[in-house]
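# structural data only, the sequence is not supplied:
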């Protein structure tokens, strides 16, 4: 049986809390389903890894999006409902993909992980780019339809369809 990890992508205050800079109600709506995935993973001794935006105050990404998830700020914290626990890992990122310029791949290889289960936001940006980089590195990928979110339902569906078509992703509940 392949060893797997659950990736919880960008479930941070700036995206999932009503006071967040880039708040989206669709992201807040998935918190209960992401929480279920986390609890099931912990019960099964599956590795839980939080992939978290942690930008510098002058980050290049702020040319595209308003400043958000600045490292050390409240906005960059995981939402209260999904706080990491002992044994969970946190990987900070400055770009869309959880693999780009981070030690995510090294962590996964050290733990012998072969399958990734993706949750979080946004389906069409950070989940999509993390999925693409996971595919290029040979991981088997599952994406939870109900525990991921985009700004619109059509963006969500289109991203899921692209991940299925281009990366052979299995979409799960």
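Arrived safely. Values in this document were obtained by computation on a predicted structure and should not be read as measured data.
# helix or strand: which one has residue 171?
Following DSSP states H and E, one finds residue 171 within strand 170-172.
# and the strand or helix carrying residue 39, what's buried?
For residue 39, the host element (DSSP H and E) is helix 31-43. By neighbour count on 16 or more other Cβ atoms under 10 Å, the buried set for helix 31-43 is 31, 33-35, 37-38, 41. In this view, the C-beta of every residue, glycine as well, is placed from N, C-alpha and C.
# ok, residues contacting stretch 65-79?
Residues from elsewhere that reach stretch 65-79 (Cβ atoms under 8 Å, 6 or more residues apart in numbering): 8, 10-17, 20-22, 31, 50, 52-57, 59, 84, 92.
# make a PyMOL selection of the buried ones in the residues you listed.
Selecting only the buried entries of those in PyMOL, with 16+ other Cβ under 10 Å as the criterion:
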select buried, resi 8+10+11+12+13+14+15+16+17+20+21+22+31+50+52+53+54+55+59+92
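# now do the helices in this protein.
Assigned by DSSP state H, the chain shows helices spanning 13-16, 25-29, 31-43, 104-110, 128-136, 153-167.
# who does the second one touch, helix- and strand-wise?
Meaning helix 25-29. Contacts defined by 3 or more Cβ pairs under 8 Å, 6 or more residues apart in numbering; DSSP states H and E place helix 25-29 against helix 13-16, strand 140-149.
# deepest in the core, which of these is it.
Burial of the helices and strands packed on helix 25-29 is given as mean neighbour count (mean count of other Cβ atoms under 10 Å); helix 13-16 ranks first at a mean of 25.
# where does pLDDT dip in this structure?
Under the criterion pLDDT under 70, no range of the chain is flagged.
# before we move on, the earlier item: turn the helices of the chain into a markdown table, including distance to residue 77.
Below are the helices of the chain laid out as a markdown table (distance: least, Cβ to Cβ, whole Å):
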| stretch | distance to residue 77 |
| --- | --- |
| helix 13-16 | 5 |
| helix 25-29 | 14 |
| helix 31-43 | 14 |
| helix 104-110 | 19 |
| helix 128-136 | 20 |
| helix 153-167 | 24 |
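# quick one: closest of the ones you listed to residue 1.
helix 31-43 (14.8 Å; Cβ to Cβ).
# how about residues contacting the closest one?
Residues contacting helix 31-43 (Cβ under 8 Å, 6+ apart): 6, 8, 11, 16, 46-48, 79, 81-82, 85, 87, 117, 119-120, 144, 146-147.
# let's see 10 Å
4-9, 11, 16-17, 27, 30, 46-50, 79-85, 87-88, 117-121, 144-149, 172-173 (Cβ atoms under 10 Å, 6 or more residues apart in numbering).
# hmm, back to that, kindly reformat the helices and strands packed on helix 25-29 as a markdown table containing distance to residue 101.
A markdown table is the format used below for those (distance: least, Cβ to Cβ, whole Å):
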| stretch | distance to residue 101 |
| --- | --- |
| helix 13-16 | 20 |
| strand 140-149 | 20 |
